[in-house]
Every structure is written in structure tokens, then in C-alpha cells.
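> return atomic coordinates for the entry below.
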Amino acid sequence: MPERRNIFTHGLSLTLRRLPALLWVYVFNLLLSFLFSISLNRQLSKLLNHSLAAQRLSSGFDLGTIGETYLHLHEGPTGDAGAVIGHASIPLFLIVYFLLVPGTLFCYQTDTPARLGTLLQQGLLYFWRFVRITLLTLIVSGLILGPLFVLQGKWADRVDDHMVGRPAFLLILAGNIVLFLVASILRLYFDLVEVYTVQLGQHLRPTLFGQQAKPDRRVHRALTPAWRTLRSNFSEAWPIFLFLTLLGFAAVILTARISMHMLAQPRVWPTFLLAQFGLFLMLLTRFWQRGAETSLALQNPIPSPALPPVLPIAGPPDSIDPLHPSRRIQLAPEPIANPPTPEPISNPEPAPPSLDEPDPGVFHHEPTKPPH
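Reported below is the predicted structural model:
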């Protein structure tokens, strides 16, 4: 029986013990962000380098100027290498996700160090399984969240037609919160599916005699254990998932607000470092969620497939006593057809004297028979 642990603290412990996985993911995200921002940087430079409105950004922060700038981004240069990289941002991000996340979950579930080679190796092994999980997530989320999103839009229109001010804002916010809570439950469930998929990949599928056992790559076998674990531990897992999500968003909002007040400074590095610190904290809370989900899956593991029964060693068979069925009789072993001839023993040792034959060296007194 697995040891019961607090998934909140145990998830943090798993995250800190596999900290290199978090650092590698952050480095790759930073590199991708730099590549994706090339096109945006060229477009903004085309619009702002020779504009008097750019002074509002270099000496302060003006939301109106930022909004108007994004309306004219299509006037920037297109067709260059930066634009090509910008259009390929989503596929590249998904490839990095499918390579690093499975390796991270594997290191969380085992004692393997989180090296880059290990992360990439396990990512290649689980690559297509995570692609299938992502497609399944999109289909299920579209079927559930699509109608809810339409209902939320109609609810917001109805509130705008009948109310104004703070009550209207609170009612629309309540509808958005309901949509967010349903999306968080779906995200938690498919996170558990990914964790159980990695756990299932460490099992061997039962095979016939003479065939080599292979890892279990069936994604559909992880759906039921994930649902069973979520249903039985919902009151513990979902609040922790929501708390860590809100904690990550709070870290980004706080650091972004402080960065906005620092934009008027002549040095850009403090603003950049503060913003990256907020993004790192958000990524840390996401890995903390992964650690809590892994801890929950380790405490509710998928049972290993049953091994084939071990055949008993050939020996004397047992028989059942017809008078006492509960009593077994040990039968004598069958004689061997051609028993091997024993080899003669050289220099045999003298046999011990028999008890029936008297020893010549010992005087035996025979009792006198009485006369008839």
C-alpha cells in the first residue's frame, strides 16, 4: 500500500528535487520568446523609430499609444525571416512541450536525475502519446467549453441590455468565473491522464509465451484511472490546483505592475529581470501543479498486469482419500524405467558391525538354561 502524503508539500518537494527540469524548460521558453519577438521588434521599430508619439513610451507609459501601435502592426515589414519564425511560434512551442514535459513527469515518478539528455530521450519515447492526448483534450474541451462559451456570450448580452454599472460587471464576471472553473477541471483531468500515461509506459504488456514484452503505449488505459483518481480525491486536488493557478497569475500581475512603473527609467535591464522573475514564478507554480498531480498518481497507481501463474515443480502427486476428502495421501513416486547402474566404489570403507553378529573381541555371557 503506497504511503499517504500531503500532495501539496510532496509536490513542492518533487519540483525542487528535479529543479534542473524547470530550469531547462525556462531556458527553452526564453529562447523561443526571443525568436518570436524578432518580427514584433522589427514592426514596432518601423512604426516608432521616426514618430513623435514614441516619446510617450520612452519617457512614460501610455496605454493609448500601445493600443494604437498594435492597430498599425500590419504596416510593418512582412515576408522576412522574423515573420516566418513568428508564424511558426505555435508549432515550435508544441514540439518543445511534447519533448520536455514527458521527461519531466518521468523524472518526477522515478529517481532518475533531470538531465537534458534524459528529458529529450523520454520526450521522444512519449512524443506521439502526448500528441494524441492533446488532440483528445482539444476535442473534449471544444464539446464542453464551446456551448458554455456561447451561453456566456448570451448571458453577457442580456446583462448589458438590462443592467449597468457594478451589478452588470459582477454578473458578467460570475459567468466568466464559472467558465474558468469548468476549464480548470478539464485541465486537471487531462494533466492526470498525462501522468498516468507516463506511469503506464513503465509497465510491460502481458504477452504470449515466447514473445518479448513491450512497454504499454495504450493511452486509453490511462483515461479510467485518471477519472477514478480525480473523482475520489476531488476535494483535495482541485483546490490545490486552483490555488497554484491563482498564485502564478498573481505573481505575473504583481511583477508586471511594478515593471510598468519602472518603464520611465533609462535602464531597461531592471524591468526585464523583474518581468522574467514573474514569468519564472508562474512556471514554478505550473511545475508545482505537476508535482502535486504526480504525488496523487503515485499514491493511486495503476495496478501492474497479473503475471502468469508459476507452474509447480514435478514431484509425487497427491491423491484424495475417498473416506476423508479433506485429507490428502502422499503416493509413492513412480519407479524409473531404466535406473542408472551405480559405479563401483574404490577402497570401500569397512561396514559397521551388525547388531545381530557378536563382536569376537567382546566376551558375551550367555545365561544358563534351566534344566527340564
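> dump the residue contacts of the nearest residue to residue 127 once chain neighbours are set aside.
Closest residue to residue 127 apart from its sequence neighbours, by C-beta to C-beta, 6 or more residues apart in numbering: residue 98 at 5.2 Å. Heads up, the C-betas are built off the backbone N, CA and C, glycines and all. For residue 98, the contacting residues are 123, 126, 127, 130, 131, 134, by C-beta atoms under 8 Å, 6 or more residues apart in numbering.
> report the mean confidence score over the helix or strand where residue 98 lies.
Per DSSP states H and E, residue 98 falls inside helix 89-109. For helix 89-109, mean pLDDT is 88.
> same deal with stretch 134-144?
Stretch 134-144 carries an average pLDDT of 94.
> this structure: strands as residue ranges?
With DSSP state E as the criterion, the chain has strands at 318-320, 328-330.
> what distance separates the start and the end of stretch 8-27?
Terminal residues of stretch 8-27 lie 26 Å apart, using C-alpha to C-alpha, to the nearest Å.
> all helices for the stretch 101-250 of the chain, in order.
116-125, 127-162, 165-200, 223-232, 234-261 (DSSP state H, counting those that start in this stretch).
> please name whichever of these is nearest to residue 34.
For the helices of the stretch 101-250 of the chain, the distance to residue 34 is smallest for helix 234-261, at 17.6 Å, taking C-beta to C-beta.
> and the closest one, what does it pack against?
Judged by 3 or more C-beta pairs under 8 Å, 6 or more residues apart in numbering; DSSP states H and E, the packing partners of helix 234-261 are helix 7-17, helix 165-200, helix 269-299.
> now the longest one: buried residues?
Along helix 165-200, these residues count as buried under the neighbour rule (16 or more other C-beta atoms under 10 Å): 171-172, 175, 188-200.
> nearest to residue 112 among those residues?
Scanning the buried residues of helix 165-200 for proximity to residue 112, where the rule is C-beta to C-beta, the winner is residue 198, at 11.8 Å.
> list the contacts for the closest one?
Residue 198 touches 102, 105, 106, 109, 122, 126, counting by C-beta under 8 Å, 6+ apart.
> before we move on, what about residue 232?
Per C-beta under 8 Å, 6+ apart, neighbours of residue 232: residue 300.
> how about residue 6, phi and psi?
phi -80, psi 120 (degrees, to the nearest 10).
> can you give me the neighbour number for it?
Residue 6: 13 surrounding residues under other C-beta atoms under 10 Å.
> ok, residue 199 - contacts?
So residue 199 contacts 109, 222, 297, 301, 302 (C-beta under 8 Å, 6+ apart).
> thank you kindly, that will do.
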